[in-house]
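K.L.:
Let me see the structure of the following:
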Amino acid sequence: MNNSDPQSIATVRPWPVVSTLCQRELVRFFRQKNRVFGALGQPIIFWLLFSAGLQSNNLDYAHFFPGTLVMILLFTAIFATISIIEDRSEGFLQGVLVAPIPRWSMVLGKVLGGAAIAMLQGMLFLILGWLTVEQVSPTIPGIVAALVLMAVISVALTALGFVIAWRMDSSQGFHAVMSVLLLPMWLLSGAFFPGNVGGWLGWIIRLNPLTYGVAGLRHYLQHSTGADAATGLPSLAVCWLVSLAFAAVTLAAAWRIAGTRSTGDLL
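P.N.:
Take a look at the predicted model:
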């Protein structure tokens, strides 16, 4: 047996590993009361500010609602992967890396845990908007489809955060990279600017995979405005195809980078 080959020593069943690591992320989250407070407070604050501020100025709250929902998923999912840096400094990650498990099970467990935390916040914001904002009135099947799409987006974004955090040695550096990458990615997703804008800005918006997640949620959550809500948006089929491809690519990238050793993994 070649002990240097990870596949030759993978004697532990992978799915219990996925479940355990996912559960660990959730347990860590609920034990940190400040994170729970922030997770509950952020959607409520955004809901209050956007619903009161935009509607009082006669702005289209329904237009901004899907983008705000994706923003909550994005920042929560990405910052949940800070735990990778913490796990490395505490020695937990090194223990997982030498365990007889396939690397993809570690990646999937961490990603699903972070995505679940993002979904908790996103669902709270979605429920508040659905119950209190007249313009946000999807059908029941639309709500179910929107939740599934939100889960795909959360997995894609958490895997993206995993890829970036894996090579980071400090949370400060991670925050710096995220602030440069995430804010433009969200702003250029059609959350504020229309997707049919011309010039180089329009090309960036169309190439941004997050654009199609926002557009898909608009299809489902702006049911009350009928065909007008879908004007200028990519079709639902395209939104799903791009979102699923985005999740698959980021998961594959996370799996690949987890198969490499960095200096920090050996400390």
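
K.L.:
which outside residues touch stretch 79-86?
P.N.:
By Cβ atoms under 8 Å, 6 or more residues apart in numbering, the surrounding residues in contact with stretch 79-86 are 25, 28-29, 93, 110, 113-115, 117-118, 158, 161-162, 164-166, 168-171, 174, 178. Heads up, the C-betas are built off the backbone N, CA and C, glycines and all.

K.L.:
what sits against the residue nearest to the spatial centre of the chain?
P.N.:
By Cα atoms, centre = their mean, the mean C-alpha position of the chain lies nearest to S154, the distance being 2.8 Å. By Cβ under 8 Å, 6+ apart, the contact set of S154 is L73, A77, G114, A115, A116, A118, M119, G122.

K.L.:
Closest one to S243 out of those, please.
P.N.:
For the contacts of S154, the closest approach to S243 (Cβ to Cβ) belongs to L73, at 11.7 Å.

K.L.:
Please tell me how far the closest one sits from G122.
P.N.:
5 Å (Cβ to Cβ, to the nearest Å).

K.L.:
circling back: highest neighbour count among the contacts of S154?
P.N.:
Within the contacts of S154, most neighbours by other Cβ atoms under 10 Å means G114, with 30 neighbours.

K.L.:
who touches it in this structure?
P.N.:
Each residue near G114 by Cβ under 8 Å, 6+ apart is listed here: E25, A77, A80, T81, S83, S154, T158, G161, F162.

K.L.:
Generate a ChimeraX selection restricted to the buried subset of these.
P.N.:
Filtering the contacts of G114 down to the buried ones (16 or more other Cβ atoms under 10 Å) takes a single ChimeraX command:
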select :25,77,80,81,83,154,158,161,162
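
K.L.:
May I have the residues that are in contact with R35?
P.N.:
So R35 contacts F29 (Cβ under 8 Å, 6+ apart).
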